[in-house]
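1. next one to model:
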Amino acid sequence: MTATVHDHKPEELCEAGLELYARALRDGHVPAHTVTLLTCPVDAGLLQPDFEDPSRLNPVAPAVALPRLLRTVDEDVAHRRRQGARLAEAFEPLLAMSAPRTDPAEALGIRVLSGIDRINVAISEAMAGVSGEVLAIQPHSLGNLVVRAASLRRDQDLLDRGGRIRALYQHTVRHQPAITARYEQLRGDVEARTLDQVTERLLIIDRQVAFIPASKDRTLALEVRHPALVEYLVTVFDRFWHLATPMHPVTAQPPSPDGVTPRQHAIAALLVEGHTDSAIAERLGMNVRTARVHIAKLAATLGSESRAQLGYLIARSGILDPEHPEDRRDPADRGHREHR
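-> Take a look at the predicted model:
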């Protein structure tokens, strides 16, 4: 008769095997033929042949059998530990090979976003439900009409929840009707100011997450959630904000002392630093032709006949002096205020 194969190790024992062992303990023995179909009590060392009567199996005392089984378990545990140590040793060089491929930016709270659509989705998700403050820097125009309409709805939803928006632009947007029209459509606590020069695009939502461009064509962006980095960007925004001139809801027109407009004053500062016409246009958010028109007017105002002479006359005129009337304006005259 074929013995039954049990799907367990000897030290695990099965219910039938334990019952047979208990019977042997009660009766002092069991017939040898009973283990023909149930081998685990013998395999586990619970039953052993009777030397005087081979037809019987005698039980091993539990106090003797248990330590033997526990020793088997301990040996198995030790074997598993040695096996684990060998696996760890084998994988150590493999882990070292993969380390450079892991992106540390994720651990620092920085995520790379690819594609304008994905960037806009991430911004919308970050603004959903937020009722705090949104800070924005837009160096140039607002972009295409589709993006403009979507961001307008997003901004109005924030304002409807009691949020606040502060936006910074370059002075050149004052001549773009679309910018003014945008803020006339928004209802709520929203302010816009302008500067000659600002940083690249920046969006900070509720002082929790910031978005900055990661490529020149702005098809890549970084989503920053590291608290220290976000706080640093907030500080940068606030410094620019305090230097800026209100555009909405109050439009302030800076004075033009000595016949030099604020725009020409900014150009003069960049000319003295040695920047080319194209570099000046890029930094001030205008095209090269417009920059050259301003440079020509500045040269005419100062009586310059050459580029080299213009730099000399700018320095001599004192229009870049910190004590120049334009720089002595009272902060209130420049719209320097924290809240409306």
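2. show the pLDDT at the residue located most distally from the centre of the chain.
-> Within the chain, the residue lying farthest from the chain centre (CA atoms, centre = their mean) is residue 52, at 80.7 Å. Reading off the confidence values, residue 52 has pLDDT 84.
3. same check, this time on residue 174
-> The predicted local confidence for residue 174 is 75.
4. count the residues that sit near it.
-> Residues lying near residue 174 (other CB atoms under 10 Å) number 15. For the C-beta atoms, the positions are set from N, CA and C on the backbone; glycine is no exception.
5. so where's the stretch 1-150 of the chain uncertain?
-> 1-12, 37, 98-107, 140-149 (pLDDT under 70).
6. same thing but at 80, please
-> 1-13, 35-38, 94-108, 139-150 (pLDDT under 80).
7. same check on the stretch 201-340 of the chain?
-> Across the stretch 201-340 of the chain (using pLDDT under 80), the flagged ranges come out as 249-266, 268-269, 271-274, 280-288, 290-291, 302-340.
8. just list whatever residues bridge to residue 193.
-> On the basis of DSSP bridges, residue 193 takes part in beta bridges with residue 168, residue 246.
9. if I pick it, what's in contact with it?
-> Taking CB atoms under 8 Å, 6 or more residues apart in numbering, we find residue 193 in contact with 166, 167, 168, 169, 241, 244, 245, 246, 247, 335.
10. what of residue 166?
-> Per CB under 8 Å, 6+ apart, neighbours of residue 166: 133, 134, 135, 136, 190, 191, 192, 193, 237, 241.
11. so which of those residues belong to helices?
-> With helices defined by DSSP state H, the entries of these inside them are 237, 241.
12. mind putting the contacts of residue 166 in a markdown table, distance to residue 95 included?
-> Below are those laid out as a markdown table (distance: CB to CB, whole Å):
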| residue | distance to residue 95 |
| --- | --- |
| 133 | 44 |
| 134 | 42 |
| 135 | 42 |
| 136 | 43 |
| 190 | 51 |
| 191 | 52 |
| 192 | 52 |
| 193 | 52 |
| 237 | 41 |
| 241 | 47 |
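13. follow-up on the earlier one: looking at this, the residue farthest from the centre of the chain is in a strand?
-> No. Per DSSP: H, G, I helix; E, B strand; the rest coil, residue 52 lies outside any strand segment and is coil.
14. which among the contacts of residue 193 gets closest to residue 150?
-> Distance to residue 150, by CB to CB, is smallest for residue 167 among these, at 16.1 Å.
15. is it true that the closest one touches residue 138?
-> Yes. Residue 167 is within contact range of residue 138, at 6.5 Å (criterion: CB atoms under 8 Å).
16. quick one: which of those two has more around it?
-> residue 167 (24 against 20).
17. which ones are touching the more buried one?
-> 135, 136, 137, 138, 190, 191, 192, 193.
18. that one and residue 93, how far apart?
-> From residue 167 across to residue 93, the span is 53 Å (CB to CB, to the nearest Å).
19. ok, residue 27 next?
-> Applying CB to CB to residue 27 and residue 93 gives a distance of 61 Å.
20. what about the two, which has more around it?
-> residue 27 (11 against 8).
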